[in-house]
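Asks: Got a sequence here, can you build the structure:
(one chain, ligands or ions: 1)
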Amino acid sequence: MNVIRPIKSVDDLDKAGLLEGRDVAALEAVASRYAVALTPTVSKLIDRADPEDPIARQFVPDAAELVLTPEERADPIGDHAHSPVEGIVHRYPDRVLLKAVHVCPVYCRFCFRREMVGPQGLGTLDADSLDGALDYIRAHTEIWEVILTGGDPLILSPRRLEEIMLRLAAIDHVKIVRFHTRVPVVDPQKIDTALIAALKASGKSVYVALHANHPRELTDEARSACGRLVDAGIVMLSQSVLLKGVNDDVDVLAALMRAFVEARIKPYYLHHPDLAPGTSHFRLTIAEGQALVASLRGRISGLCQPAYILDIPGGHGKAVIGESAVREVAEGCYSVSDYRGAEHIYPPHE
Ligand code: SF4
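Replies: Residues are numbered from 1 along each chain as shown. All right, here's what the predicted structure looks like:
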């Protein structure tokens, strides 16, 4: 029987029984370039009998990652172009990313920051850089929201998180603090009383955006961890990436969005995959994504509908790219398609 323990190398993957039929030399080449990590929770979730397992596809390296295509880029969403000081990305006027850490409990094979995260990545902000980042937030009174991302901020200890939150709490113009994380799914036991207490900041509203891509990730343990956050007054949102071979299927997407809503998590973003290096095997076309999102519209509750989003390469921000249900057919006259695809004129003629 395989012992379930954290996996951080190709050798660990082999010992955990996750390399059946794979080219180990190619995977060593992948692992020397992009970080590898799976938590015991994720390792246990993988169906070793299924060569197409959607959980394995997200976390177990693949020789296809060695294939680079001309449109791919090291910084696909243009963080560097909008980084005025270390640890800050200021792309939109009213909000900043605070990238306190570039380490994650798992490394997603499609990660949009795969050139920045991992043991050989940018690490954790040191004390001087964190001071500089917080000084920047304090000096820019237009900043209403701070988004802790990276890296996965919930990998930090409760003591470190509490320190950051206390310092943000002292900045009056910051009203919202949002965390982007995979921890409630990949390491649910970490969401304990100490960590939840550390996420609170006096006078601020706290949001946690959970990254999950397949309904099987929403295990009973993951739902309990999310329940503890929501019960503590933290609002939860979802973000998922639309990935070939993982969730490019309307039934899977519908089950995922329903699982979020059942766990009191509001579906928020469904990202079109970014042009990260070595990830072309995950990408579908925008037309394929639009068709999937249109199918969701007719199938599940409005509560379950995410916004389909493209981060425009070069740092130009997010655009909603779902098909529009409305088109102008004459001045002041529109054709609106219903959830079955039938068209209706608005305003109606009679
Ligand atoms: S958790 Fe987020 S930052 Fe970390 S590897 Fe996955 S996508 Fe990248």
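Asks: does residue 309 sit in a helix, a strand or a coil?
Replies: For residue 309, the assignment made with DSSP: H, G, I helix; E, B strand; the rest coil gives strand.
Asks: Do I have it right that it meets residue 272?
Replies: Yes. Taking contacts as Cβ atoms under 8 Å, residue 309 lies within contact range of residue 272: 6.7 Å. Yep, even glycine has a C-beta here, placed from its N, CA and C like the rest.
Asks: and the nearest residue in space to residue 100 that is not next to it in sequence, how many neighbours?
Replies: For residue 100, ignoring the flanking residues on the chain, the nearest one in space by Cβ to Cβ, 6 or more residues apart in numbering is residue 125 at 5.2 Å. Counted with other Cβ atoms under 10 Å, the burial measure for residue 125 works out to 23 neighbours.
Asks: ok, now which ones touch residue 125?
Replies: With contact taken as Cβ atoms under 8 Å, 6 or more residues apart in numbering, residue 125 is in contact with 86, 87, 99, 100, 101, 133.
Asks: next one: residue 13
Replies: Counting by Cβ under 8 Å, 6+ apart, residue 13 makes contact with 7, 19, 27, 36, 38, 60, 61.
Asks: Which one (most neighbours) among those residues?
Replies: Highest count within the contacts of residue 13 by other Cβ under 10 Å belongs to residue 38, 28 neighbours.
Asks: what's the distance between the closest residue to that one other than its chain neighbours and residue 60?
Replies: If the residues on either side of it in the chain are set aside, residue 38 comes closest to residue 7, at 4.2 Å by Cβ to Cβ, 6+ apart. With distances defined as Cβ to Cβ, to the nearest Å, the gap from residue 7 to residue 60 amounts to 9 Å.
Asks: Are there residues contacting both of the two? Which ones?
Replies: Jointly contacting residue 7 and residue 60 under the rule Cβ under 8 Å, 6+ apart are 13, 18, 38.
Asks: Confirm residue 179 sits in a strand?
Replies: Yes. Residue 179: assigned to a strand according to three-state DSSP.
Asks: Which strand residues bridge it?
Replies: Using DSSP bridges, the bridge partners assigned to residue 179 are residue 148, residue 208.
Asks: ditto for residue 330
Replies: If you apply DSSP bridges, the partners that residue 330 bridges to are residue 333.
Asks: before we move on, back to that, inside helices: which ones of the shared contacts of residue 7 and residue 60?
Replies: residue 13 (DSSP state H).
Asks: Return the closest of the shared contacts of residue 7 and residue 60 with respect to the ligand.
Replies: Using Cβ to the nearest ligand atom, the shortest approach to the ligand within the shared contacts of residue 7 and residue 60 belongs to residue 38, at 11.2 Å.
Asks: Who are the contact partners of that closest one?
Replies: When contacts are counted by Cβ under 8 Å, 6+ apart, residue 38 is found next to 6, 7, 13, 16, 18, 59, 60, 106.
Asks: one more time with 6 Å, if that's ok
Replies: Counting by Cβ atoms under 6 Å, 6 or more residues apart in numbering, residue 38 touches 7, 59, 106.
Asks: Residue 223 now?
Replies: Taking Cβ under 6 Å, 6+ apart as the definition of contact, the neighbours of residue 223 are residue 263.
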